[in-house]
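**Q** Structure of the sequence below:
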Amino acid sequence: MHQVLTLAKKEFRSYFDSPIAYVVITLFLLIAGWQFSTSLFLNNTPDLRNIFGIVRFILLFFVPALSMRLISEEKRLGTIELLMTLPIKDWQLVLGKFLSAYMLIIVTIFLTLIHYITISILGEPDFGATFAGYLGLVLIVGVYLSIGIFTSSLSQNQIVAFILSFGIVFVFFMLDKIIFFFPGFLANILEYLSIDYHFNNIARGVIDSRDLIYYLSVIIFFLFLTVQTLESRKWK
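**A** I've put the predicted structure just below:
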């Protein structure tokens, strides 16, 4: 794990050596802040539910945009082969890059806690619901990133990686919205596969092991596919 953490720290610092981290954080906080102020001053609802709603939607775009470069850029620059000459295994490379992007987005999300502090001054927000909402966002980010790094490993073109990633996460996001088109048994399967369905369960304050297992399974599955994609070059 030492190699993984070293790579993750190096990649994380590299975000702040370029405008990427600052642009992502600024745009994210502006959108979240606008949604918070709208719900607080116009709708007179001092809670974070509207923020959780808009954040999980904008993550559909932000995470693929951030993850599209994780591996595809290495392929485009030809540095992927150089990385492979280092004493680091494919799974360590994938996990290190995954964790670096994960840390950046988690830090960005938790900066919105300033809004929780604000409503705590004005009233008594539901701590349990707030905790569950943030937990759901953390898990959603993990799923989106695992899909994003997988699609990034498929092509050296970042635009292609973004489109593929967005398409997959959007399908997962929409599955529970279209279940009424399908018969009962298939509707139940699609509902269980939906990212948003499990988030809504958690956001209600019901932290069920089945929801946690779902998110962890999807994350591990796509990270596994990413490792297999990188290793497939050895077969050519």
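**Q** How about stretch 167-187, which residues are buried there?
**A** For stretch 167-187, the neighbour count (16 or more other C-beta atoms under 10 Å) marks 168-169, 172-173, 175-176, 179, 187 as buried. Just so you know, the C-beta spots here come from the backbone N, C-alpha and C atoms, and that holds for glycine as well.
**Q** Show the model's pLDDT score for the residue nearest in space to the middle of the chain.
**A** Closest to where the C-alpha atoms of the chain average out (C-alpha atoms, centre = their mean) is Val141, at 2.0 Å. Note for Val141: predicted pLDDT of 94.
**Q** which residues does it contact?
**A** Contact analysis of Val141 by C-beta atoms under 8 Å, 6 or more residues apart in numbering lists 59, 63, 102, 105-106, 109.
**Q** Swap in 6 Å and give it another go.
**A** Contacts for Val141 (C-beta atoms under 6 Å, 6 or more residues apart in numbering) come out as Ile105.
**Q** shaky segments in this protein?
**A** Scanning the chain for pLDDT under 70 picks out 39-47, 81, 83-86, 233-236.
**Q** just the helices in this protein please.
**A** 2-15, 20-37, 49-67, 72-77, 79-84, 90-110, 113-122, 127-152, 158-174, 184-193, 195-203, 209-231 (DSSP state H).
**Q** For Val218, give its distance to Phe172.
**A** Val218 sits 8 Å away from Phe172, going by C-beta to C-beta, to the nearest Å.
**Q** nearest residue to Arg56 other than its sequence neighbours?
**A** Counting by C-beta to C-beta, 6 or more residues apart in numbering, Arg56 lies nearest to Ile140, which is 5.7 Å off, once chain neighbours are set aside.
**Q** give me the number of residues near that neighbour?
**A** Using other C-beta atoms under 10 Å, Ile140 has 26 other residues around it.
**Q** can you check Ala8 too?
**A** Residues near Ala8, counting by other C-beta under 10 Å, number 21.
**Q** Same check on Ile105?
**A** Ile105 - counted by other C-beta under 10 Å - has 23 other residues nearby.
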